[in-house]
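give me a 3D structure for the following:
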Amino acid sequence: GKYKEAEELEVQVLEMRTRILGREHPSTLWSMGNLASTYSGLGKWKEAEKLEIQVMRKRIRILGREHPATLLSMGNLAITYSELGKWKEAEELEVQVLKMRTRIHGEDHPDTLQSIANLACI
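Predicted coordinates for the structure are as follows:
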């Protein structure tokens, strides 16, 4: 994809949303997550990790640990940890996500199955 162009636009959107909506607004957090995803696509794993940690912590505090957006953030961070060779952190985080998704959605839900697949890749 056109990750470099996307990065430039996403930085602008994040700056505007932060200024207009505030650092903890859901739209601002989505923009942070999108930028982290683009950093991942560019191989900028440390930058992605930094943003993903911020998004995850804020979503845990604002939405709670079991909110779908929080679980998505936790799963994304686990994948980034894996890419950085932080296997223990990746596994621990993905196991938490899997347990919560299994409890909330059941074993056959697509989100639960995705967590199983992610855990298998760590």
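
report the secondary structure state of the residue positioned nearest the centre of the chain.
Ranked by distance to the mean C-alpha position of the chain (CA atoms, centre = their mean), the top residue is Ser73 at 2.9 Å. With DSSP: H, G, I helix; E, B strand; the rest coil as the basis, Ser73 sits in helix.

got any ranges where the protein has weak pLDDT?
Judged against pLDDT under 70, the chain has no low-scoring part.

I'd guessed Thr38 sits against Glu10; true?
Yes. Using CB atoms under 8 Å, Thr38 is in contact with Glu10, at 5.7 Å. Heads up, the C-betas are built off the backbone N, CA and C, glycines and all.

show me which of these two is the more surrounded one.
Neighbour tally, Thr38 and Glu10, criterion other CB atoms under 10 Å: the higher count belongs to Thr38, 24 against 20.

residues of whichever strand or helix holds that one that come out buried?
According to DSSP states H and E, Thr38 maps onto helix 26-41. Of the residues in helix 26-41, Thr28, Leu29, Ser31, Met32, Gly33, Asn34, Leu35, Ala36, Ser37, Thr38, Tyr39, Ser40 count as buried by neighbour count, 16 or more other CB atoms under 10 Å.

appreciated, that's everything.
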